[in-house]
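Participant: 3D, please:
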Amino acid sequence: MVRSAVQVCVRTRPTSLFAHQELGISPEERTVDVNIKKNPAMGVVNNIRENFHYKFDKIMHNSSQDTVYHECVSEVVRSVAQGYNGTVLVYGQTGAGKTYTMSGGTGNYKTRGSIPRALQEIFAEVNSRPDQAYTVKLSYLEIYNEALYDLLAPAGVVTDGSNDLQIIEDSKGGISVKGLTVAVAGSEEEAMNLFFEGETNRAIAEHQMNSASSRSHCILTIYVESRSRVESADRVLSSKLNLVDLAGSERVTKTHSTGAILREAMYINKSLSFLEQCVNALSDRGRDHVPFRQSRLTHVLKDSLGGNCKTVMIANIWGEAAQLHETISTLSFATRMMKVKSEVSVNVKVDAHLLVKKYEQEIKELKQELAMHDALSGRNRPTYVPYTEEQRFELQQSIKAYCDGTVDTIEVVNLRHITEILQQFKMITNNALEDAKSGRPARADTGDDTAEGADGEAANGDGGVGDLVGGAGGSIGRAPDGAKPLVSFKVSEVASPKADRGSVVGSPKRLHKGVGMGAVPDKNQAFEEFKETDGKELNGALRDNGASLKDKRIHQKELALTINTSKKQIDELKQQLELRREQVQDGQTDDEEFVLVRSLKGAKAEYRQAFEDLKMLKSEADYLNKQVELARAKLVRDFEAWYSASYEDGQGTQPSHPHPPPCHRPPHV
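Facilitator: This next block holds a predicted model:
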């Protein structure tokens with residue numbers, strides 16, 4: 001068991017209005033200095049603190065998504081594959097970039113957040129350990145207005161904290177949510193589909209400080225179980241990774257929120273205050289009680305705060321002069337978070353079913369050994385009567401079943417039985433040798449020699465690595481008949497179960513100019529107008545992602561052609577090398593054979609590099625494809641809200657249901 005403190009990283013949001021005079025950032029020294037000038041209007045006697053000095057584990061100033069992930073998150077993700085629990089949470093004011101850090105933006109593949117990168121790294125770790133059998137599962141929980149929502153619940157099923165979902169605690173202090181959907185992900189693509197499915201169900205809204213503000217706390221949990229394929233399988237490593245996107249704290253005087261958005265802000269600030277109280281209690285060595293049960297958020301995060309968990313917090317700050325007070329509040333909380341200690345250990349549990357089977361086998365073997373010992377000591381004298389023909393025939397059938405793998409063991413009765421078994425094995429072996437000498441046809445080899453392992457030269461029957469279908473790129477190998485198809489991602493087009501929460505994506509509150517109550521334009525025409533006005537930014541991102549996706553598909557096709565060409569070249573070089581070695585009888589290597597070997601080695605290296613490039617390119621294309629689907633769905637939802645507020649609502653009020661039914665979707669996107 002290792003005792004460690006919570007690691008805190010500070011990330012600044014890039015801005016052209018950075019307060020250089022009031023805010024000093026030093027990534028090398030890992031310090032942040034804040035200097036607030038006194039307000040002369042407060043009088044001569046003013047004891048307000050002016051200078052603040054903070055020091056953290058890491059400072060990410062104007063850093064890219066890739067840098068933030070590898071510096072702050074990657075180590076925790078790798079430890080999860082080794083059996084440790086991990087938590088990564090983002091904290092800060094609204095608009096500071098928390099959701100961008102965790103989920104990513106709507107841009108290209110390089111701007112993806114820590115969650116997609118963590119899923120990719122976990123499955124890379126799984127694939128790099130063939131001696132371990134892994135099971136990966138995902139759950140996605142949302143805490144909205146102190147109610148629990150299952151973001152992966154089946155369509156049409158409404159779940160909240162009062163009905164289905166309940167927080168339960170086991171005897172060891174572990175926290176789980178009863179009734180929460182836990183879906184199995186057999187591949188990175190399936191895990192990404194689950195993540196994007198949950199993203200489409202999140203509650204967001206617009207106010208003056210953030211056009212897409214998260215109105216809830218969201219926790220994506222990745223469960224990883226592994227057991228050895230070569231050692232005892234009853235020992236299971238069970239770990240989980242919590243990726244927490246906290247809603248941002250906000251001041252109503254700045255956001256000017258009203259109605260449902262104001263109510264959401266009250267719940268958000270209240271839960272964050274309870275979180276701060278728990279952190280203060282954990283950092284105080286004299287405190288025995290920690291108020292985890294004050295809110296749903298702190299209760300769910302109980303094992304992540306001071307429990308058996310490696311925890312990393314990314315504090316997001318907005319380095320502008322107008323946001324200095326919120327920056328100080330975030331940095332002060334992050335400083336207290338660094339004082340929280342946790343005791344981390346590998347989570348090992350025993351599979352009771354496998355353990356019982358193991359004990360049963362051991363008892364059986366011990367009984368057999370005891371019977372043999374009794375036979376040797378004379379307490380139970382074995383019989384030496386020769387076996388009859390019927391008994392030998394039954395023993396032969398048992399040996400054949402053992403050799404074929406039909407049965408796992410042959411029960412040994414006594415020494416005479418052992419002698420007879422050895423004689424029967426000897427007879428079967430001699431018969432097989434005689435058949436081989438006489439030239440009789442042997443049993444066909446069932447080994448699979450279509451793959452060469454380390455060289456990465458897997459190929460299908462015709463020597464290629466897959467057919468090119470349309471613009472979808474090249475496939476690697478051929479899936480076996482009856483293989484389970486990959487789960488396809490589909491953006492839900494049904495009304496959100498949380499549509500009555502009061503959060504609306506966008507808030508159009510005007511009646512369209514120049515259009516009377518009776519003049520409602522065609523929806524397709526209005527949609528084109530929307531894409532050139534309010535939806536221009538989102539439509540531009542959709543087009544950019546679509547163009548990037550098209551380029552990736554073209555590049556995939558080119559790489560697939562390169563791989564097929566390299567495979568054919570490798571096969572030709574192999575044939576030439578074998579032919580050359582047959583011509584040289586003394587076994588020596590001449591110059592021509594040396595050139596062929598060197599060419600073959602280069603062709604194999606080119607093949608492996610192209611193969612890895614194609615895998616990475618496919619991952620990028622899949623990510624962009626999901627971004628296109630999400631952007632298209634969001635564009636439709638925003639247009640429906642805009643159209644309803646502009647033309648259908650007479651007073652220009654926002655609609656009560658932000659997610660329209662499928663029949664209102666415009667025909668052309």
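Participant: residues contacting residue 170?
Facilitator: If you count contacts by CB atoms under 8 Å, 6 or more residues apart in numbering, residue 170 has them with residue 176. Using the backbone N, CA and C atoms, a C-beta is placed for each residue, glycine as well.
Participant: how close does it sit to residue 190?
Facilitator: In this structure, residue 170 and residue 190 are 28 Å apart, going by CB to CB, to the nearest Å.
Participant: would you map the helices across the stretch 251-400 of the chain?
Facilitator: Per DSSP state H, counting those that start in this stretch, the stretch 251-400 of the chain carries helices over the ranges 252-255, 259-283, 296-300, 324-337, 352-377, 389-404.
Participant: in the stretch 151-300 of the chain, where is pLDDT below threshold?
Facilitator: Filtered on pLDDT under 70, the stretch 151-300 of the chain yields the residue ranges 155-164, 203-213, 230-234, 250, 252-257.
Participant: for the closest residue to residue 277 other than its chain neighbours, what are its contacts?
Facilitator: Leaving aside its sequence neighbours, residue 277 sits nearest to residue 291 (CB to CB, 6 or more residues apart in numbering; 5.9 Å). If you count contacts by CB under 8 Å, 6+ apart, residue 291 has them with 274, 277, 278, 281, 298.
Participant: now with 10 Å?
Facilitator: Contacts for residue 291 were tallied using CB atoms under 10 Å, 6 or more residues apart in numbering; they are 274, 277, 278, 280, 281, 298, 299.
Participant: over to residue 101?
Facilitator: Taking CB under 10 Å, 6+ apart, one finds 9, 11, 13, 60, 65, 68-69, 72-73, 88, 90, 92, 113-115, 245, 314, 316 in contact with residue 101.
Participant: the strands in the stretch 101-250 of the chain, which residues?
Facilitator: For the stretch 101-250 of the chain, the strands defined by DSSP state E, counting those that start in this stretch occupy 132-144, 147-150, 166-169, 175-178, 183-184, 204-207, 210-214, 217-228, 235-245.
Participant: want to try JSON lines for these, with mean neighbour count as columns?
Facilitator: What follows is the strands of the stretch 101-250 of the chain, written out as JSON lines (neighbours: other CB atoms under 10 Å):
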{"stretch": "strand 132-144", "mean neighbour count": "21"}
{"stretch": "strand 147-150", "mean neighbour count": "22"}
{"stretch": "strand 166-169", "mean neighbour count": "14"}
{"stretch": "strand 175-178", "mean neighbour count": "16"}
{"stretch": "strand 183-184", "mean neighbour count": "14"}
{"stretch": "strand 204-207", "mean neighbour count": "20"}
{"stretch": "strand 210-214", "mean neighbour count": "20"}
{"stretch": "strand 217-228", "mean neighbour count": "21"}
{"stretch": "strand 235-245", "mean neighbour count": "22"}
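Participant: okay, domains of the protein per the record?
Facilitator: What automatic domain parsing lists as the domains of the chain is 2-350, 352-437, 468-664.
Participant: highest average neighbour count across those domains?
Facilitator: The highest mean neighbour count among the domains of the chain, using mean count of other CB atoms under 10 Å, belongs to domain 2-350: a mean of 18.
Participant: pull up the distance across that one, start to finish.
Facilitator: 22 Å (CA to CA, to the nearest Å).
Participant: any idea how far that domain is from the chain center?
Facilitator: 15 Å (CA atoms, centre = their mean, to the nearest Å).
Participant: pretty sure residue 409 contacts residue 361?
Facilitator: Yes: taking CB atoms under 10 Å as the definition, residue 409 is a contact partner of residue 361 at 8.4 Å.
Participant: quick revisit: I'd like the strands of the stretch 101-250 of the chain written out as a markdown table, with distance to residue 529 added.
Facilitator: What follows is those, written out as a markdown table (distance: least, CB to CB, whole Å):
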| stretch | distance to residue 529 |
| --- | --- |
| strand 132-144 | 33 |
| strand 147-150 | 35 |
| strand 166-169 | 47 |
| strand 175-178 | 44 |
| strand 183-184 | 40 |
| strand 204-207 | 20 |
| strand 210-214 | 20 |
| strand 217-228 | 34 |
| strand 235-245 | 34 |
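Participant: between those, which one is nearest to residue 546?
Facilitator: Among these, the nearest to residue 546 by CB to CB is strand 210-214 (20.6 Å).
Participant: the helices of the stretch 251-400 of the chain: which one's closest to residue 177?
Facilitator: helix 296-300 (7.0 Å).
Participant: quick check: which helices or strands does the closest one pack against?
Facilitator: Where contact means 3 or more CB pairs under 10 Å, 6 or more residues apart in numbering; DSSP states H and E, helix 296-300 is packed against strand 132-144, strand 147-150, strand 166-169, strand 175-178, strand 217-228, strand 235-245, helix 259-283.
Participant: dump those into CSV; add distance to residue 575 as well.
Facilitator: CSV is the format used below for the helices and strands packed on helix 296-300 (distance: least, CB to CB, whole Å):
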stretch, distance to residue 575
strand 132-144, 38
strand 147-150, 58
strand 166-169, 65
strand 175-178, 59
strand 217-228, 41
strand 235-245, 46
helix 259-283, 68
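Participant: and of the ones you listed, who's closest to residue 422?
Facilitator: Using CB to CB, those put strand 217-228 closest to residue 422, at 32.9 Å.
Participant: that closest one versus strand 132-144: what angle between them?
Facilitator: 170 degrees (axes from the mean of the first three to the mean of the last three CA atoms, to 10 degrees).
Participant: strand 217-228 pairs with which strands, and in what direction?
Facilitator: Neighbouring strands of strand 217-228 in its sheet, by DSSP bridges, are strand 132-144 (antiparallel), strand 235-245 (antiparallel).
Participant: so the longest one versus helix 259-283, what angle?
Facilitator: Counting by the same axes, to 10 degrees, strand 132-144 points 120 degrees away from the direction of helix 259-283.
Participant: likewise for the last one?
Facilitator: Put simply, strand 235-245 runs at 130 degrees to helix 259-283, going by the same axes, to 10 degrees.
Participant: pull the CA atoms of strand 235-245 into CSV?
Facilitator: The C-alpha trace of strand 235-245 is given here as CSV (Å, rounded to 0.1, in the frame of the first residue of the first chain):
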residue,chain,number,x,y,z
ARG,A,235,-7.0,-14.2,-9.0
VAL,A,236,-8.7,-11.2,-10.6
LEU,A,237,-7.5,-7.6,-10.8
SER,A,238,-10.5,-5.2,-10.6
SER,A,239,-10.0,-1.4,-11.0
LYS,A,240,-11.9,1.6,-12.2
LEU,A,241,-11.2,5.0,-13.7
ASN,A,242,-13.5,8.0,-12.9
LEU,A,243,-13.4,10.8,-15.4
VAL,A,244,-15.3,13.7,-13.7
ASP,A,245,-16.4,16.8,-15.6
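Participant: centroid-nearest residue for the chain?
Facilitator: Centroid check for the chain by CA atoms, centre = their mean gives residue 119 as the closest residue, at 2.4 Å.
Participant: how near is it to residue 633?
Facilitator: 21 Å.
Participant: which residues does residue 140 form beta bridges with?
Facilitator: Beta-bridge partners of residue 140, as defined by DSSP bridges: residue 220.
Participant: pLDDT value on it, please?
Facilitator: pLDDT for residue 140: 93.
Participant: that one reaches residue 151, doesn't it?
Facilitator: Yes: with contacts counted by CB under 10 Å, residue 140 reaches residue 151, the gap being 3.9 Å.
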